[in-house]
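Mind looking at a prediction? Sequence and model below.
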Amino acid sequence: MSVVVRTIARILVPVILAFGGYVILHGHLTPGGGFQGGAVAASAVALLLVAFGAPSLKKLKSPLSVLEDLGGIAFVVLAFLGIGTTFFFNLLAGSGGLFGAASPIGPNAGFLNTGGTVPLMNWAVGFKVLGGLGAVMVLFGLFGGDDDR
Amino acid sequence: MTLLAILQVVILVLIVAGSILAVWLKDLLASVIALAGSSLLLALQFYLLQAPDVAIAEAGVGAALTTAIFVLAIRKTQRKEEE
């Protein structure tokens, strides 16, 4: 693509990734969550792919694949954390640790440091969606000839 | 009709117009951009119908990812549709 597209892509990719992270981080408070934030972050990979061509992103393929695996494993491990009570039991909610503050009673604006395992599962799903969609698009771009128009 | 209802009807008409344009155009890159615009308007309609969750997913997947995949596919093949 032209130098205009490449320059704008260099500026916009960190912004898109930050917005995707914001949607994932606030997944338990506001609309959005793991899948939506991961799809938003994967559109940064799509922008890189369209702007710079697939051959220059070849080295990104295996890190994205590993990221997808780690997301899936983290989700299952977090689900098994509460196996003492039931599968998916929210062990960390109200425990005082990471995301473990007790939720206040009554109408409030929502507090980020609540939710227990739910925000961590949002991050796991977000990384899995980012890795999966990004790896699929990079592989699609690499398929066939390697023209870098 | 209220202003919101009129806005929603206008958006729905534009979605249908964009979809028809996407089928009708012979330049496939313009067709993909028409489809992306149609998808973005659909996301706006979801937001107006109080479903912001679906709107984010539609804007992310429909307007960004499928457009990128279609653009990559056009790059691999040809841009003009044959008669």
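Yep, it's here.

so who does the residue positioned nearest the centre of chain B touch?
Closest to where the C-alpha atoms of chain B average out (CA atoms, centre = their mean) is B:S38, at 2.3 Å. The neighbours of B:S38, taking CB atoms under 8 Å, 6 or more residues apart in numbering or on different chains as the test, are B:L14, B:I15, B:G18, B:S19, B:A22. To be clear about C-beta, it is placed using only N, CA and C from the backbone, and glycine gets the same treatment.

Please repeat the previous calculation with a cut-off of 7 Å.
With contact set as CB atoms under 7 Å, 6 or more residues apart in numbering or on different chains, B:S38 has these partners: B:I15, B:G18, B:S19, B:A22.

now check the helix ranked longest in chain A, is it near chain B?
When chain A is parsed with DSSP state H, its longest helix is helix A:117-142. Yes: Helix A:117-142 lies within reach of chain B by CB under 7 Å from any CB of the partner chain, at A:L133, A:M137, A:F140, A:G141.

still on that earlier bit, and the contacts of B:S38, which of them are in helices?
Filtering the contacts of B:S38 for helices - DSSP H - leaves B:I15, B:G18, B:S19, B:A22.

picking that back up, and the residue nearest to the centre of chain B, what element?
Assigned by DSSP states H and E, B:S38 belongs to helix B:28-48.

Show me what from chain A comes close to chain B.
Residues of chain A lying close to chain B by CB under 7 Å from any CB are A:23, A:31-32, A:35-36, A:39-40, A:42-43, A:46, A:49-50, A:133, A:137, A:140-141, A:144, A:149.

in chain A, which segments are predicted with low confidence?
Scanning chain A with the threshold set as pLDDT under 70 gives A:144-149.

And for it, the residue most distant from the center?
Residue farthest from the centre of chain A, counting by CA atoms, centre = their mean, is A:G106 at 30.8 Å.

ok but that one is inside a strand, no?
No: assessed with DSSP: H, G, I helix; E, B strand; the rest coil, A:G106 is coil; it does not lie in a strand.

how near is it to B:A5?
35 Å (CB to CB, to the nearest Å).

Burial check on A:G82, number of neighbours?
Using other CB atoms under 10 Å in any protein chain shown, A:G82 has 17 neighbouring residues.

isn't it right up against A:A93?
No: between A:G82 and A:A93 there is no contact under CB atoms under 7 Å: 9.8 Å.

Can you tell me what sits against stretch A:9-28?
With contacts defined as CB under 7 Å, 6+ apart, stretch A:9-28 is touched by A:32-34, A:36-38, A:40-41, A:43-44, A:47-48, A:51, A:115, A:118-119, A:122-123, A:126, B:56.

quick one: which of these sit in helices?
Cross-referencing the contacts of stretch A:9-28 against helices under DSSP H gives A:34, A:36-38, A:40-41, A:43-44, A:47-48, A:51, A:118-119, A:122-123, A:126, B:56.

burial count for the nearest residue to B:A36 once chain neighbours are set aside?
Leaving aside its sequence neighbours, B:A36 sits nearest to B:T67 (CB to CB, 6 or more residues apart in numbering or on different chains; 4.4 Å). For B:T67, the count of nearby residues is 20 (other CB under 10 Å).

Look up how far A:F75 lies from B:T67.
With distances taken as CB to CB, B:T67 is found 28 Å from A:F75.

Equivalent analysis for A:G110, please.
Taken as CB to CB, the span from A:G110 to A:F75 is 23 Å.

With neighbour numbers in mind, choose between the two.
The neighbour comparison of A:G110 against A:F75 (other CB under 10 Å) goes to A:F75, with 20 against 12.

Would you mind listing what in chain B touches chain A?
Counting by CB under 7 Å from any CB, the residues of chain B near chain A are B:52-53, B:56-57, B:60-61, B:64-65, B:68-69, B:71-72, B:75-76.
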